[in-house]
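next one to model:
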Amino acid sequence: MNIHSKQKGFTLIELVIYIGILALFVFIVADSMISITRSYATLKSARAIHFSALSSYDRLANQIRDGREINLGLSTLGSHPGTLAVVSDTGSGDSTIVFSLENGRLKVVTDSVEEGFLTKDDTTITNLVFNKFLVNGSEGVRVEMTIESVHGTSTRSSVFYNTFKLRGSY
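Below you'll find the predicted structure:
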């Protein structure tokens, strides 16, 4: 009779080692997934901010450069929240375009008709200041805008500056 029998299976030490390796692998994968999720939220916030800045400054640049003068009666200059009213000659008469802040979003109104918002709804303008300046008899506007975006636990904020000269003022 054969006294030696072969046992199949794992020893307790082998099981502990395998569970430890598996736990380490799960931890590394989970940490990587959390890191990717945070990076995505940060990227989404940055994209929203830059889209809002680009669309806002594009429209501001076109309207201010086409403008003849700044309507000081309708404008709030040098403080937050700023309002800018630009008077343009459309060929068939004067047109007034007003840029203002409403609920943290940049709004455009042309001749008392609301055109809508220039910024995305997932961004907020936390600072909007218009400053008028004169250079060699020509008017210009310096715009300072701070845009903030929150996605999940990621909050981003960027400050943008730009200067535009009214072509119709010289």
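
you'd agree Asn71 is up against Thr96?
Yes - between Asn71 and Thr96 there is a contact under C-beta atoms under 8 Å: 6.0 Å. Where C-beta positions appear, they are placed from N, C-alpha and C, glycine not excepted.

can you give me the helices in the chain?
Counting by DSSP state H, the chain has these helices, from start to end: 12-66.

one step back: any common contacting residues for Asn71 and Thr96?
Listed as contacting both Asn71 and Thr96 by C-beta atoms under 8 Å, 6 or more residues apart in numbering are 85-87.

which of these are buried? Put it as a ChimeraX command.
For the buried members of these, the matching ChimeraX selection, counting by 16 or more other C-beta atoms under 10 Å, is:
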select :85,86,87
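
among the shared contacts of Asn71 and Thr96, pick out the one closest to Val141, please.
Relative to Val141, the closest of the shared contacts of Asn71 and Thr96 is Val86; by C-beta to C-beta it sits at 8.1 Å.

contacting residues for that closest one?
By C-beta under 8 Å, 6+ apart, the contact list for Val86 reads 63-64, 66-67, 69-71, 96-99, 166.

check Leu101 too.
Contacts of Leu101 (C-beta under 8 Å, 6+ apart): 81-83, 107, 125, 128.

how about TSV for those, with neighbour count added?
Shown next, in TSV, are the contacts of Leu101 (neighbours: other C-beta atoms under 10 Å):
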residue	neighbour count
Pro81	16
Gly82	22
Thr83	18
Lys107	17
Ile125	24
Leu128	23
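
so how many other residues sit close to the nearest residue to Ile70 once chain neighbours are set aside?
The shortest distance from Ile70 to any non-neighbouring residue, by C-beta to C-beta, 6 or more residues apart in numbering, is to Lys132 (5.7 Å). A count of neighbours around Lys132, defined by other C-beta atoms under 10 Å, yields 15.
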